[in-house]
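Novice: structure here, sequence nowhere to be found:
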C-alpha cells in the first residue's frame, strides 16, 4: 500500500536462492568456519611448530574430521532452513518521511523466537556465553529501523528488485521489493536520501 507520505508492503523472500540473503548467511557461516579453523589450528600448533604435522597420521585424521564437520555444518544449515523455515523469510516494510523500517512478520517472529530461546537456554545450560549471546542478540534484532539522515549509501539493483542502504558501522538494510512497487520505492528512497548520500546502480 502506498500514500503520498509512506509506502508499505509485505514480501516473502527466498533464503537459499536469494543472493543477498545467501551472502549474509555465508558470511555468518564463514565466521563460524574461521572460528572452527582457528581452534583446530591452536590444537595442532605444537605439531606444526615441531615439524611433525605431516608425519603423524592422527594429525591428518584430525584435519580431515575438521573439514568434514565444516561441510556437515553447511549441509545441516541448508536442510534446517528448508525444513523449518520452508526456505522463505516473511518481511514487512514501511517507508515514511523519517525512516525505513524492516519488520519481521508475526508468523516468522514466532519461529525465530523458538530458535532464539533454544540458543539462550542451551548457552545458559552448558555455560556457553557465545550461544546465549547469539540468542539474545538475534532476539533483539527482529525489527530494524534506519533513519534517512543516517543513510550514507544507497545501491539500487533493478534486475533483482532490491535496494541496499548503508548507515553507520555494521548498520545495513536490504529492501526487497516486488516487481510492481520497485520503481516507486526507488524514487521514494532517492527523494529521501540526503545530499551527502552516495547513490549507485548495479
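Specialist: Yep, it's here. Every value quoted in this text rests on a predicted model; they were computed, and no experiment measured them.
Novice: report the helix or strand with the lowest average pLDDT across the chain.
Specialist: Within the chain, confidence by mean pLDDT, DSSP states H and E is lowest for helix 129-140 among all helices and strands, at a mean of 42.
Novice: how about the helices of the protein, start to end?
Specialist: 19-50, 57-85, 106-126, 129-140, 182-192 (DSSP state H).
Novice: just for this structure, where's the confidence low?
Specialist: Residues of the chain meeting the criterion pLDDT under 70: 1-4, 28-33, 35-67, 69-70, 73-74, 77, 81, 109, 112-142.
Novice: quick check: domain ranges of it?
Specialist: What automatic domain parsing lists as the domains of the chain is 1-13+89-202, 18-86.
Novice: if we look at stretch 164-174, which residues are touching it?
Specialist: The contact list for stretch 164-174 (C-beta atoms under 8 Å, 6 or more residues apart in numbering) reads 20-21, 24, 100, 102, 144, 146-147, 150-155, 157, 162-163, 175, 189. For every residue, glycine as well, the C-beta is placed using N, CA and C.
Novice: same question, stretch 180-199
Specialist: Everything outside stretch 180-199 that qualifies as a contact, by C-beta under 8 Å, 6+ apart, is 2, 7, 9, 95, 97, 100, 148-149, 151-156, 158, 161, 163, 165, 175, 177.
Novice: mind doing that once more with 10 Å?
Specialist: For stretch 180-199, contacts defined as C-beta atoms under 10 Å, 6 or more residues apart in numbering pick out 1-2, 5-9, 11, 93, 95-100, 147-158, 160-163, 165-167, 175-178, 201.
Novice: kindly write the ChimeraX command that selects the buried subset of these.
Specialist: To isolate the buried members of the contacts of stretch 180-199 in ChimeraX, using 16 or more other C-beta atoms under 10 Å:
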select :7,9,11,93,95,99,100,148,151,154,156,157,161,162,163,165,166,167,175,176,177
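Novice: so of the contacts of stretch 180-199, which ones are in strands?
Specialist: 7-9, 11, 93, 95, 99-100, 147, 153-157, 162-163, 165-166, 175-176, 201 (DSSP state E).
Novice: what's the closest non-adjacent residue to residue 78?
Specialist: Spatial nearest neighbour of residue 78, excluding adjacent residues (C-beta to C-beta, 6 or more residues apart in numbering): residue 16 at 6.2 Å.
Novice: distance check, the one you found against residue 186.
Specialist: Distance of residue 16 to residue 186, computed by C-beta to C-beta, to the nearest Å: 26 Å.
Novice: compare these two and say which is more crowded by neighbours.
Specialist: Per other C-beta atoms under 10 Å, whichever of residue 16 and residue 186 has more neighbours is residue 186, with 19 against 14.
Novice: I'd say residue 103 and residue 144 touch.
Specialist: Yes: assessed by C-beta atoms under 10 Å, residue 103 is found in contact with residue 144 at 8.1 Å.
Novice: what's the overlap in contacts for the two?
Specialist: Common neighbours of residue 103 and residue 144 (C-beta under 10 Å, 6+ apart) are residue 91.
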